[in-house]
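**Student:** 3D model of this:
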Amino acid sequence: MTATNPSPRYRPLRFGVTEVSTRQADDGVVYVRATQDLEAYPLRLTDRLAHWAQTVPDRTWMAQRVKNADGSLGEWRHITYGQAWQAARSIAQALLDMHLSAERPVAILSENDLDHALLSLGCLVAGVPQCTVSTAYSTISQDFDKLRHVLDTLTPGLVFASDAARFARAIEATVADDVKVVLGTGSIPGRSTVAFSDLLATPATPAVDAAHGAITADSIAKFMFTSGSTKLPKAVIVTHGMWAANLQQMNQSMPVLAEEPLVLVDWLPWNHTFGGNHNFGIVIYNGGTLYLDEGKPTPKGMAETIRNLREIAPTVYFNVPTGFEVIAQTMKTDAQLRKNLLSRVKMFFFAAAALSQPIWDSLFESAEREVGERIVMNTGLGMTEGCPFCVAVNSPDVQAGDIGVPTPGLELKLVPVDGKVEVRYRGPNITPGYWRNAEATRDAFDEEGFYCSGDAVKWIDENDLNKGLKFDGRIAEDFKLSTGTFVSVGPMRAKIIAACAPYVQDAVITGINLKEIGALLVPTATIRTLSDLPESASLHEVLASAPVQQHFQQVLDKLAAESTGSATRVARAHLMAEPPSLDKGEVTDKGSINQRAVLQHRADVVDALHGGTLPGTLVPRH
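**Tutor:** Presented below is the predicted three-dimensional model:
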């Protein structure tokens, strides 16, 4: 007899969508729905906020560490549901007094913090649309072009920033004199500003209840800008109805969100849909608690995240792959992190990019060692235009690239396009379009009203459609070599990342209209462990070191040996010492690489790579 490995044991997690129904049209188009219907949901997210303020007024809604005089972060400052509701009503009154509207909304320039959160609630209660702008547009950008474009598109009546010193230059360069500027701290010389504390001190009147009661499902809750790569960012319209619908969809797809009081420890930026709609929303919808993590998925920034996770035990945990990479590495030796993080977490969830198998395996190993069972790793596919939750896996048995099944109430349309299958969406969580951009709105939808995502998918198992779909790349990223051979970028990218794990975070595939494929590799922090150099060594020195070059030569040789032709053979590769730029749109705020933007902004690097003049280029030895 041959012994078989027992199935891994997972901490119990219920999946809401287990079956799908399909129908096929004569032209090969396939329509897919969850068999589970979408249940009733409130008109507005703030209806849930009011409910929790009444039923659990003393429960913490949000907490943030207090910044000490020396700049360090100290103890937690908590805001309860009761306090949040009262503050939101006061802020709503102040916004109504300023006569703000969809034509003159609120623009928020600064990062996640408690003032930012309360201002967002005030906007929602007053029915005044808001927009959180990528902080990079104000603090990293030197020309403010994207910030100027955002503000020109919105024509805000109020601009908020947490700190005058950090945002004064951006405000002076882009904000018109007739726009009110509200500041958390400080002032801007020569400019009239309003202190955020003044908004909090405004007494609410019956006008607040009247404004809140006038909000409909079609009323605009916020604008969220796409990341913008080769084109300027577009303002996605998010209505109150689509946001509330999507939060109910999440609860039905992921019942764990409502099974016990939700606790999140989260850094994801609110200008992005993952942080600003998904995580911000599920906390309020389910009466949960959000601890603001001021760490970031960088080697330096993750130190604060690790500190917080040693202290606060989340019930579910969301991050991008680079964040999980550091957590996985740290848990190997950090007993306190393992003990606290794994004490009650029921689900991990990643998005934005591929999570390499070694990182996945390391998380499983730490969990099995600490608590005797694995924590389910969930993922899916979403987009800003879907608010964002659209598709999610429905089993713990997940392979890289699996995205799963549609959420209740959402219909998928699978359309053959250029040898692939594009997934399109129609449902209550899909945006009505782009603000002040009729042409982009018209181009985004097909003749049946389905949103055209540009994402390619295929079935995980054509003999069992209930397992759902897997990601097959972006249709617009695919290209042809000069030989006419078609290159499927998504699968190629995933294959390279898996082969290079855990030392590569992402890969940009090159070779458009050339005779062979190349790859620009984005290294992870872990790559330093390959080198025999000291910690003080620069990344350039690490990547050029003999051990690193030898390792990647072996990886490239192996990939070449496994290739089946020019469309699957990486003929040359280069490790990038200069990280992708957020300011140039090469990377989104959630951490994913924008292939087209990198190719555009680094055309000289691509030319040198394929011309044989780029130092550090690796080529297969056979």
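
**Student:** for the chain, where's the lowest mean pLDDT among helices and strands?
**Tutor:** One helix or strand of the chain scores below all others by mean pLDDT, DSSP states H and E: strand 479-480, with a mean of 78.

**Student:** by contact count, what packs against that strand?
**Tutor:** Secondary structure elements in contact with strand 479-480, counted by 3 or more CB pairs under 8 Å, 6 or more residues apart in numbering; DSSP states H and E, are strand 486-487. Where you see a C-beta, it was placed from the backbone N, CA and C, and this is true even at glycine.

**Student:** ok so, going back, quick one: contacts of the least confident helix or strand of the chain?
**Tutor:** Contacts with strand 479-480, where a contact means CB atoms under 8 Å, 6 or more residues apart in numbering, come from 486, 487, 489, 511, 512, 513.

**Student:** so what's the last one closest to, chain neighbours aside?
**Tutor:** Translated: residue 513. Counting by CB to CB, 6 or more residues apart in numbering, residue 482 is the residue found nearest to residue 513 once chain neighbours are left out, at 5.5 Å.

**Student:** so the one you found, which state does it fall into?
**Tutor:** Following DSSP: H, G, I helix; E, B strand; the rest coil, we place residue 482 in the coil state.

**Student:** contacts only, for it.
**Tutor:** Residues in contact with residue 482 (CB under 8 Å, 6+ apart) are 513, 514, 515.

**Student:** and the contacts of strand 479-480, which are buried?
**Tutor:** In terms of neighbour count (16 or more other CB atoms under 10 Å), the buried residues within these are 487, 489, 511.

**Student:** want to throw those into CSV with pLDDT and distance to residue 575?
**Tutor:** Compiled in CSV, those are given as follows (pLDDT from 0 to 100; distance: CB to CB, whole Å):
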residue, pLDDT, distance to residue 575
487, 84, 21
489, 85, 19
511, 90, 17
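
**Student:** need the residues you listed in TSV (columns: distance to residue 258).
**Tutor:** Output for the buried ones among the contacts of strand 479-480, formatted as TSV (distance: CB to CB, whole Å):
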residue	distance to residue 258
487	44
489	38
511	47
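
**Student:** so which of those residues comes closest to residue 153?
**Tutor:** The closest of the buried ones among the contacts of strand 479-480 to residue 153 turns out to be residue 489 (CB to CB; 30.1 Å).

**Student:** would you map the helices across the stretch 301-450 of the chain?
**Tutor:** Listed in chain order, the helices of the stretch 301-450 of the chain (DSSP state H, counting those that start in this stretch) span residues 302-311, 321-331, 335-341, 357-371, 438-444.

**Student:** now the longest one - C-alpha only, CSV.
**Tutor:** So the one you mean is helix 357-371. What follows is helix 357-371, C-alpha atoms only, in CSV (Å, rounded to 0.1, in the frame of the first residue of the first chain):
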residue,chain,number,x,y,z
GLN,A,357,3.8,29.9,-3.4
PRO,A,358,6.8,30.0,-0.9
ILE,A,359,5.2,32.9,1.0
TRP,A,360,1.9,31.0,1.0
ASP,A,361,3.6,27.9,2.3
SER,A,362,5.5,29.8,5.0
LEU,A,363,2.3,31.3,6.3
PHE,A,364,0.8,27.8,6.5
GLU,A,365,3.8,26.4,8.2
SER,A,366,3.8,29.1,10.9
ALA,A,367,0.1,28.6,11.5
GLU,A,368,0.4,24.8,11.8
ARG,A,369,3.3,25.1,14.2
GLU,A,370,1.5,27.7,16.4
VAL,A,371,-2.2,26.7,16.4
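
**Student:** mind listing what's buried in that helix?
**Tutor:** Applying 16+ other CB under 10 Å to helix 357-371 flags 359, 360, 362, 363, 364, 366, 367, 370, 371 as buried.

**Student:** what distance do you get for the fourth one to residue 462?
**Tutor:** Yep, that's residue 363 we're talking about. The spacing between residue 363 and residue 462, counted by CB to CB, to the nearest Å, is 30 Å.

**Student:** same question for the last one.
**Tutor:** Using CB to CB, we find residue 371 at a distance of 36 Å from residue 462.

**Student:** could you do the second one as well?
**Tutor:** To residue 462, residue 360 is 25 Å away according to CB to CB.

**Student:** do the third one as well
**Tutor:** Using CB to CB, one obtains 32 Å as the distance from residue 362 to residue 462.

**Student:** what's the answer for the first one, then?
**Tutor:** Spatial separation of residue 359 from residue 462 under the definition CB to CB is 29 Å.

**Student:** and the fifth one, by the same measure?
**Tutor:** In this view, residue 364 and residue 462 are 28 Å apart by CB to CB.

**Student:** domain parsing for this structure?
**Tutor:** Domain assignment for the chain, taken from automatic domain parsing, gives 20-40+385-474, 78-215, 478-611.

**Student:** would you format these as CSV with distance to residue 66 included?
**Tutor:** Output for those, formatted as CSV (distance: least, CB to CB, whole Å):
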stretch, distance to residue 66
domain 20-40+385-474, 31
domain 78-215, 10
domain 478-611, 25
